[in-house]
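In: Please find the sequence and the predicted model below.
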Amino acid sequence: MIGYVTIGTNDLARAAAFYDTLLGEIGAKRMMEGERFIAWTIGDGCGIGVTMPFDGQPATVGNGVMVAIEAKDKASVDRIYAKALELGGTCEGPAGPRGTIPGFYAGYFRDLDGNKLNAFYMGA
């Protein structure tokens, strides 16, 4: 199972402000940080991190890559999605039921560096 996911940034301070506020919506806090990276978790060991690329080249967005943030209910999905847009993220699909999977509810957005994420809830 995945322990953590990192996504690239070209501006660590800007990404930190975005993710401190966005991930604060689900109770996540910083679990580790250094000169070139920061990672957040809710406490179960799984985490999301942002990093400036090790090779010194500009961070770029991976086509087809997406990070999914699990929410506790549909209202949390709505709140996380709205917060991402409020913080300057861009819409990739508003929060709502998705596809033919019963109970799948998600909102899709891109962060300030163009990385694609979603907030999702699976349930009734």
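Out: Happy to help now that I have it.
In: Distance of Leu23 relative to Ala15?
Out: Distance from Leu23 to Ala15, counting by C-beta to C-beta, to the nearest Å: 11 Å. Quick note: C-beta positions are derived from backbone N, CA and C, even for glycine.
In: between those two, who's got more neighbours?
Out: Higher neighbour count among Leu23 and Ala15: Ala15, with 24 against 20, using other C-beta atoms under 10 Å.
In: the helices in this protein, which residues?
Out: With helices called from DSSP state H, the chain shows them at 12-24, 74-86.
In: any chance of those helices in JSON lines, plus mean pLDDT and distance to Val5?
Out: Listed next are the helices of the chain as JSON lines, based on pLDDT from 0 to 100; distance: least, C-beta to C-beta, whole Å:
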{"stretch": "helix 12-24", "mean pLDDT": "97", "distance to Val5": "12"}
{"stretch": "helix 74-86", "mean pLDDT": "97", "distance to Val5": "16"}
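In: Looking at those, which one is packed in the most?
Out: For the helices of the chain, average neighbour numbers computed from mean count of other C-beta atoms under 10 Å are highest in helix 74-86, which has a mean of 19.
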